[in-house]
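Colleague: Okay, predicted coordinates and the sequence, questions at the end:
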Amino acid sequence: MNEIVLSARGVTKIFDQGQLEVRALRGVDLVVREGEFLALVGPSGSGKTTFLNLAGALDVPTSGELTVLGREVARLTRAERSELRLRSLGFVFQAYNLVPVLTALENVEFVLELQRVGSERRREAARVLEELGLADLAHRRPNELSGGQQQRVAVARAVAARPRLVLADEPTANLDGENAEILMHMMRDLRDRHGMTFVFSTHDPRVVAHAVRVVTLVDGQVARDVEKPGEAPHEILPGIGKASEQSRI
Amino acid sequence: MARVEGKYALRSVGRNARRTVLSVLGIGIGVALALFMESLNRGRGEMLARAAAHSGSGHLRVVPEGWRLRRDPRLRLADGETDLAMARALPGLATATPRARAQVLLAMGNHVVPVEMVGVDPETEPRAFRFVRTVAAGRYLWPDDSGAVVVGKAVADRLEAELGDEILATAVGKGGDIESAMFRIVGLVATGSEEIDAGICQVTLGDVERLTGLAGAGEVTAILADHRTTAAARAALAERVAPGDEVMTFEDLSPEFKGHLEQDAAAGRLIRIIILLIVFLGVASAQLAAVLERRREFAVLAALGMRAGRMVRLVLLEALALGAAGGAVGVALGLPVLWLFAKKGLDFSRFTGTSRAFEGIILDPVIYGDVGPWIVPYVIAVAIGATVLASLYPAWFAARTDPAVALRVAQ
């Protein structure tokens, strides 16, 4: 049995908005094991983003116990949560959120620089882009890339530091069907090749089709947790996996 | 290899070109103004020090012990010749001259004027005391010019005396007796200030010795080539003067003038602080706006694991780039003006008249700006220091970005 990377027991999150109290999560119980490819689905306001924020140590639960990679999030200081994100977690956002003044290569390299990777970080960033079939885009800035290309670079940035858990919030929401397919294949391939765990939220049934496990949140609670029997095979995309097997990812 | 962080900071400065240009211009104008004010202040300080030194006090004065408190003109140096020789051996000395003073009553006909008579060395005195260079009628004293006196025009007017007239000088002698001597007016000095002219009465050192019966000089006045060396020169001379004598600076001699200098410097500082405050607030506002615009970006950086300290560093690096550009613009704007100011000077005479007297000192109406190596650290301190300081709060604000809140708001 694979190691548990994420464990939530009775996790609640309440946002105090003046006189209004918003209960975003109402006792979520969920265990995610290493190597899972998990889709969080549910209607808007069901708590998907809130759960991903907690899982990414961006926020702390109001109550309950949430453990990420063996660390209980609520007990970590702000700096320790930063360190956890830097060393072990990767993020992919709906709006790509690449640094606009940096090229694709520099966006990836910057994460490695934050990790204090030495002089080889540029080579390493280039290798990641090449492995994901993005070498041609390395020297383009985000405004010179299409939405799909930006999101693929964002995935490259998220996985460059070899995180154990990658969290993606509606990663395909701004992409057309073709680009959504490409992105999902890319993420699935990374998971298959490197054993990374992916947890992503989505509304898109085509994206859900790629998931191995689908957790449905309704009104801040897990309404359904379905594991597909056997994994759907997926086609390795051309351009992915060109780099040496010795590469970091 | 250049760090991505550096490129990130530099390119971020160029994101909003209009704001960056305005910020850089603001910093540049602030730096140029601060440079000008500093140059003016230094130039004014230089002028005041020069005016004070050449108005009789010198940069340094060797006096007998006890003179500091009693200010008794009858006191004489323990060994004036040694003191003069030691003063003349000082490095960076422009001139040194001996003097002896006596309180006298000048009389002609029915008119009597009390005045401080100064016995001087006619050869060196004009180099130390600039007023006597402005002899309006007649001539200045010659060496061994016994019986000759040069007086201020106001003194002559009060006595109703003219050039060539003989006047009677009466003083208290060494033993307390009243002593008198006749002097012929050989020169009239007109400085433009009645206050100053009313105090000028110079004869040879020997004549004062004969009139008072007190031998030797009562002081040795030294003028330095650079007033900024006054403290060091004083320390050096203090070790060498004859026992029983001591060294004072021009600031010690005139505490009122020193107070005026300090007041002047404080006013200059206040103006510079106001300029810097304006620069500071402008930069802080622009940087805060830049950080607020990029809240989501900082949230993403935080989500990627960027620590608060590195975020502060990133914003400060941007400020550093902005400050460096502002400093360069400030130098480009300010240096030509400063150069002109140093060469031509600023003539304040239209506001103050041709000369202004203060505490027995005639101030020059033209002030020349000071241009020197101080500009480099000054620009660095003002441009980069003020910009980086002004960016501390925006940087802290960026570092405090709550990624969950900022990303939720952005969505």
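Modeller: Yep, that arrived.

Colleague: Can you name the residue of chain A nearest to chain B?
Modeller: residue A:86 (2.5 Å; Cβ to the nearest Cβ). No exception for glycine: its C-beta is placed from N, CA and C like everyone else's.

Colleague: Now do whichever strand or helix holds that residue: everything it contacts.
Modeller: Using DSSP states H and E, residue A:86 sits in helix A:78-88. Applying Cβ atoms under 8 Å, 6 or more residues apart in numbering or on different chains, the contact partners of helix A:78-88 are A:56-58, A:68-69, A:71, A:73, A:76, A:91, A:114-115, A:161, A:163-165, B:302-308.

Colleague: Using ChimeraX, define a selection of the buried residues within the residues you listed.
Modeller: The following ChimeraX line selects those of those that are buried, judged by 16 or more other Cβ atoms under 10 Å in any protein chain shown:
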select /A:56,57,58,68,69,71,73,76,91,114,161,163,164,165 /B:302,303,304,305,306,307,308
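
Colleague: can you tell me which of the contacts of helix A:78-88 are in strands?
Modeller: Judged by DSSP state E, strands contain the following of these: A:68, A:71, A:91, A:165.

Colleague: First-to-last residue distance for stretch A:80-99?
Modeller: One end of stretch A:80-99 to the other measures 24 Å (Cα to Cα, to the nearest Å).

Colleague: actually stretch B:363-376, not the one I wrote
Modeller: Length of stretch B:363-376, first residue to last, Cα to Cα: 30 Å.

Colleague: circling back to that earlier point, number of residues surrounding the residue of chain A closest to chain B?
Modeller: 19 (other Cβ atoms under 10 Å in any protein chain shown).

Colleague: Quick check: it vs residue B:55, distance?
Modeller: 69 Å (Cβ to Cβ, to the nearest Å).

Colleague: How about residue B:142?
Modeller: Distance of residue B:142 to residue B:55, given as Cβ to Cβ: 23 Å.

Colleague: for residue A:137, same thing?
Modeller: For residue A:137 relative to residue B:55 (Cβ to Cβ), the value is 76 Å.

Colleague: that older thread, tell me which residues in the helix holding residue A:86 are buried?
Modeller: Going by neighbour count (16+ other Cβ under 10 Å), the buried part of helix A:78-88 is A:81, A:82, A:83, A:84, A:85, A:86, A:88.

Colleague: Repeat that for stretch B:122-136.
Modeller: Buried residues in stretch B:122-136, defined by neighbour count with 16+ other Cβ under 10 Å: B:122, B:124, B:125, B:126, B:128, B:129, B:130, B:131, B:132, B:134, B:135.

Colleague: Up against chain B, what does chain A have?
Modeller: By Cβ under 8 Å from any Cβ of the partner chain, the residues of chain A that approach chain B are A:49, A:53, A:56, A:58-59, A:78-79, A:82-87, A:89, A:91, A:93-95, A:97, A:99-102, A:106, A:109-111, A:113-115, A:119, A:122, A:157.

Colleague: OK, now which residue of the stretch 1-150 of chain B is nearest to chain A?
Modeller: Closest point on the stretch 1-150 of chain B to chain A, by Cβ to the nearest Cβ, is residue B:11, at 3.7 Å.

Colleague: Quick check: chain neighbours aside, which residue is closest to that residue?
Modeller: Spatial nearest neighbour of residue B:11, chain neighbours left out: residue A:101 (3.7 Å); criterion: Cβ to Cβ, 6 or more residues apart in numbering or on different chains.

Colleague: Based on its surroundings, how many neighbours for that neighbour?
Modeller: Applying other Cβ under 10 Å, we find 20 residues neighbouring residue A:101.

Colleague: Where does the prediction get shaky in chain A?
Modeller: Along chain A, segments meeting pLDDT under 70 span A:1, A:229-249.

Colleague: for chain B, what's the longest strand?
Modeller: In chain B, taking DSSP E as the definition, the longest strand is strand B:93-108.

Colleague: and the helix or strand where residue B:297 lies, what does it pack onto?
Modeller: Assigned by DSSP H and E, residue B:297 falls within helix B:295-303. Counting contacts by 3 or more Cβ pairs under 8 Å, 6 or more residues apart in numbering or on different chains; DSSP states H and E, helix B:295-303 is packed against helix B:308-344, helix B:403-410.

Colleague: out of residue B:142 and residue B:55, which sits in the more crowded spot?
Modeller: Shown here are residue B:142 and residue B:55; by other Cβ under 10 Å, residue B:55 has more neighbours (24 against 12).

Colleague: For residue B:154, see how far away the residue lying closest to that one once chain neighbours are set aside is.
Modeller: Closest residue to residue B:55 apart from its sequence neighbours, by Cβ to Cβ, 6+ apart: residue B:361 at 4.2 Å. Going from residue B:361 to residue B:154 by Cβ to Cβ gives 16 Å.

Colleague: what's the answer for residue B:303, then?
Modeller: Distance from residue B:303 to residue B:154, by Cβ to Cβ: 83 Å.

Colleague: Also residue B:255?
Modeller: 26 Å.

Colleague: What number of neighbouring residues does residue A:118 come out with?
Modeller: 9.
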